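A.B. asks: Following is a predicted model, sequence given first.
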Amino acid sequence: MGVLTEEIKQRGLEVLSSHGNSKLLTHLNSCVHCGLCSNSCVYYKVDADEHYVPAKKVDIVASIYRRYNTFLGKTLPKLTNARDLDETSIDELVDLLFGSCTMCGRCTLHCSIGVDIGYVVRKGREMLSAMGYVPKTLQATVDAAIETGNNMSISTEEFVDTLKWLEDDLQYELDDENANIPLNEKSKNVMYTLNPREPKFFPLSISAMAKVFYAAKESWTLSTEMYDVTNYAFFSGNMDEANIIAQRMDTEMKNLDATKCVLAECGHGSRAYKWEGPNYLGRKLPYEVTTSVELLAQYIRDGRIKLDPERLSEVVTLHDPCNLARSGGVIEEQRYILSHVTKNFVEMTPHGVDNFCCGGGGGQLAMSEYNERRMKIAKVKADQIKSTGASIVATPCHNCVDQLTQIDQHYKLGVKIMTLAELVADALVLDEEKK
Amino acid sequence: MFWYHWMMIVSLAISMLACLAHIIKLIRLGKPIDYSQKAGDISSAIKYSFTKAMSPAKKESAYLHLPTYTAGIIYHLGTFLSIFLFFMIILDLHELLNTVLDIVIIGFLALSTISGIGILIKRLSKKTLKALSNPDDYISNILVNLYQLATAYVLFDSSAIVIYTMITSALLLYLPLGKLKHAFYFFAARYHLGYFYGWRNVWPISNHKN
Ligand code: SF4
Ligand code: SF4
């Protein structure tokens, strides 16, 4: 990182002092330092160090706000621990906001006041981003998306090749040459998106969804121009870059003239486009944006696909991605889907809105410098999984799949991690003629 | 009216104006504009935010920390009671309280002050909490403890009015500056949470959702 000049500092301070509404001002002034949020955070649960108390993450941002924006902070800074924005506080900010928080928002629900801790952390990251202090690893992921169109820098040729062999396999499996993975087709009902982890590491989840679309007789397409559902700028706090990524999705929806944008199983990706995207763009989107979880549930509800819950004999549990459930309101749909693919479902404790983060959120998977910490906090999730006795962990998020796979190896759980599309595809009952 | 009455009234006026300035700023800034497609019922979520979401059964900050939570509730009730009595005192209505009621109130205020002191001791002795605290936290706690104690004392012995007005004035003047301003920011925080979770259909939580 470069030298902290006065101009750079001002750019950071501007993030905290410019208020378009009262939300930030409210949450910066509400914490009473009761410390009762500590046990709600996975970081503190595995390492009861004062550093990991959620309020500590709020306080470091609020202390800088106080120093430059409040009477006591300006005149008697020691009284409220109002801190200067300098190299020392920036080092602490980076470690606390990027390295010690997944922005899962669980602490917010349990805060005695109602401080939106995840939101303050996000604003703190915005401040660091404005000054150029985003960890290089995370920034590299954002740069890859900006420069190549997807965060894994997959070339279009490689992407198309992968889809081609997936399509061949699908046609072979279904014995139907009309079982397609359509590319860049115009005026379809659905423009489907992917997490680039799918073409790169988990291509079978693409064929699983393609098989479901086939069974549902959906009119759909993928785009080779913009298929990446992720938006890591949401984690880095760079609003301009978040806007560029969201803008690309919007442009591609218009180019392909699709009716509905369906966001793949990706917690932060669905949040970043469905909920934050319109705000990055500063306007309402003229088409429907939905998640594949909601779409799958709708197919079942409408009878467009039939599933056999008897096929799967193993015990299944569910990990709710924080951004999809707690911050996205998709809570019942995944349970509804699972009730149609298995008769052996068991909930984690806690679950749903109150679920613990797997530890891979907030961009942690991209920041290798915090790997050790990430696997350490994952113990909470490992213990949750273990106590369910399940052998399959379903989760509608490819980032969570990645983290849960690593948890499985690290904590020797011996479980299989699956997306909902994969479970649904396995349970599909196809028409007689299509078997 | 004596000088100390005037001191308290002037402090009250300054405090209220400063608090009002905070509140007006919040109201003028308003709520965030959200361009995403609203999925839930915001009014129900805001109602939920102030009611069920605050219930001890829903919050780890309550059910994992029952002694502190209980002490906090008693402490806050003691503060509300003291504020009520403050208005009775400045309006010279406290003479209406009979001896039995006086004793009950004094007893409760003693209990709430003990709760406040307990919270202070916890802050001083628990490592994580101490690391989170700054002088403002201690000042705020001590001022409120003294205020409750002074309220009890003035009910017991009306000649303590001078000390009561001095402590009350100090508290009033400090209120809009330090963390005590959570007295009104609390409402804004719960409103924003309700708005956010309501917009996205996370709150109100139905039984199925959790
Ligand atoms: S948002 Fe999640 S990770 Fe961050 S402090 Fe809160 S509970 Fe911990
Ligand atoms: S529970 Fe809320 S008010 Fe208390 S310390 Fe944590 S963030 Fe602050």
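C.D. replies: Nice, I can see it. Ligands and ions are numbered 1, 2, ... in the order given.
A.B. asks: C-alpha only now, for contacts and for neighbours.
C.D. replies: OK.
A.B. asks: What is the three-state secondary structure of A:Val262?
C.D. replies: Per DSSP: H, G, I helix; E, B strand; the rest coil, the local secondary structure of A:Val262 is strand.
A.B. asks: I misspoke; the intended subject was A:Met191.
C.D. replies: Under three-state DSSP, A:Met191 falls in the strand class.
A.B. asks: Measure how buried it is and give me the count.
C.D. replies: 29 (other C-alpha atoms under 10 Å in any protein chain shown).
A.B. asks: just B:Ile121 next, same as before
C.D. replies: When neighbours are counted by other C-alpha under 10 Å, B:Ile121 registers 11.
A.B. asks: before we move on, what about B:Phe86?
C.D. replies: For B:Phe86, the count of nearby residues is 19 (other C-alpha under 10 Å).
A.B. asks: for A:Asp95, same thing?
C.D. replies: 16.
A.B. asks: For it, which residues are in contact?
C.D. replies: Residues counted as contacts of A:Asp95 (C-alpha atoms under 8 Å, 6 or more residues apart in numbering or on different chains): none.
A.B. asks: again, but for B:Arg123
C.D. replies: In this structure, B:Arg123 makes contact with B:129-130, B:133, judged by C-alpha under 8 Å, 6+ apart.
A.B. asks: between those residues, which is closest to A:Val94?
C.D. replies: Using C-alpha to C-alpha, the shortest approach to A:Val94 within the contacts of B:Arg123 belongs to B:Ser133, at 21.0 Å.
A.B. asks: all helices of chain B, in order?
C.D. replies: Assignment of helices within chain B using DSSP state H yields the ranges B:3-29, B:42-50, B:60-63, B:66-90, B:99-125, B:127-132, B:135-156, B:161-174, B:182-199.
A.B. asks: want to throw the contacts of B:Arg123 into TSV with neighbour count and pLDDT?
C.D. replies: Output for those, formatted as TSV (neighbours: other C-alpha atoms under 10 Å in any protein chain shown; pLDDT from 0 to 100):
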residue	neighbour count	pLDDT
B:Leu129	21	96
B:Lys130	16	96
B:Ser133	20	97
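A.B. asks: Helices of the stretch 201-350 of chain A, start to end?
C.D. replies: Residue ranges of the helices in the stretch 201-350 of chain A, as given by DSSP state H, counting those that start in this stretch, are A:204-216, A:233-236, A:239-256, A:267-270, A:277-281, A:292-301, A:333-341.
A.B. asks: From A:Tyr232, how far out is the residue sitting furthest away from the middle of chain B?
C.D. replies: Note on chain B: the largest C-alpha distance from the chain mean falls to B:Gln37, namely 35.8 Å (C-alpha atoms, centre = their mean). Look at B:Gln37 and A:Tyr232: by C-alpha to C-alpha, to the nearest Å, they are 22 Å apart.
A.B. asks: A:Ala140 too?
C.D. replies: Taken as C-alpha to C-alpha, the spacing of A:Ala140 relative to A:Tyr232 amounts to 10 Å.
A.B. asks: and what of A:Thr224?
C.D. replies: Distance of A:Thr224 to A:Tyr232, computed by C-alpha to C-alpha: 19 Å.
A.B. asks: can you list the weak-confidence ranges in chain B?
C.D. replies: Across chain B, residues meeting the criterion (pLDDT under 70) sit at B:207-210.
A.B. asks: Quick check: the residue of it nearest ligand 2.
C.D. replies: Ligand 2 sits closest to B:Ser61 of chain B, with a gap of 6.3 Å, by C-alpha to the nearest ligand atom.
A.B. asks: show me what contacts that residue?
C.D. replies: With contact taken as C-alpha under 8 Å, 6+ apart, B:Ser61 is in contact with A:36-37, A:110-112, B:69.
A.B. asks: again, 7 Å this time
C.D. replies: Residues touching B:Ser61, when contacts are defined by C-alpha atoms under 7 Å, 6 or more residues apart in numbering or on different chains, comprise A:36-37, A:110-112.
A.B. asks: between those residues, which is nearest A:Val393?
C.D. replies: Using C-alpha to C-alpha, A:His110 is the member of these that sits closest to A:Val393, with 25.8 Å.
A.B. asks: measure the spatially closest residue to that closest one that is not a sequence neighbour to A:Ser40 for me?
C.D. replies: By the measure of C-alpha to C-alpha, 6 or more residues apart in numbering or on different chains, the closest residue to A:His110 outside its immediate chain neighbours is B:Lys59, 4.6 Å from it. For B:Lys59, the distance to A:Ser40 (C-alpha to C-alpha) stands at 9 Å.
A.B. asks: Tell me if I am right that A:Val393 is in a strand.
C.D. replies: Yes - with three-state DSSP as the criterion, A:Val393 is assigned to a strand.
A.B. asks: What count of nearby residues applies to the residue in the stretch 151-300 of chain A that ligand 1 sits nearest to?
C.D. replies: In the stretch 151-300 of chain A, the residue that lies nearest ligand 1 is A:Phe235 (12.2 Å; C-alpha to the nearest ligand atom). Neighbourhood size, A:Phe235 [other C-alpha under 10 Å]: 27.
A.B. asks: Next, the contact list for it, please.
C.D. replies: Under the criterion of C-alpha under 7 Å, 6+ apart, the contact list for A:Phe235 reads A:362-363.
A.B. asks: Show the pLDDT at it.
C.D. replies: Reading off the per-residue confidence, A:Phe235 sits at a pLDDT of 98.
A.B. asks: right, and A:Cys357 touches A:Cys107 too?
C.D. replies: No - with contacts counted by C-alpha atoms under 7 Å, A:Cys357 stays clear of A:Cys107, the gap being 10.8 Å.
A.B. asks: Would you mind telling me which of those two has more residues around it?
C.D. replies: When A:Cys357 and A:Cys107 are compared on other C-alpha under 10 Å, the one with more neighbours turns out to be A:Cys107, at 29 against 25.
A.B. asks: Can you point out the buried residues in stretch A:213-222?
C.D. replies: Judged by neighbour count (16 or more other C-alpha atoms under 10 Å in any protein chain shown), stretch A:213-222 contains these buried residues: A:213-216, A:220-222.
A.B. asks: Could you list the contact residues of the stretch 101-250 of chain A toward chain B?
C.D. replies: Applying the criterion C-alpha under 7 Å from any C-alpha of the partner chain, the portion of the stretch 101-250 of chain A that neighbours chain B consists of A:110-115.
A.B. asks: pLDDT added to those residues, as TSV?
C.D. replies: As requested, those are arranged in TSV below (pLDDT from 0 to 100):
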residue	pLDDT
A:His110	97
A:Cys111	97
A:Ser112	96
A:Ile113	97
A:Gly114	97
A:Val115	98
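A.B. asks: from these, which is closest to chain B?
C.D. replies: If you rank these by distance to chain B using C-alpha to the nearest C-alpha, A:His110 comes first, at 4.6 Å.
A.B. asks: ok, so what distance separates the closest one from A:Thr349?
C.D. replies: The span separating A:His110 from A:Thr349 equals 16 Å under the rule C-alpha to C-alpha.
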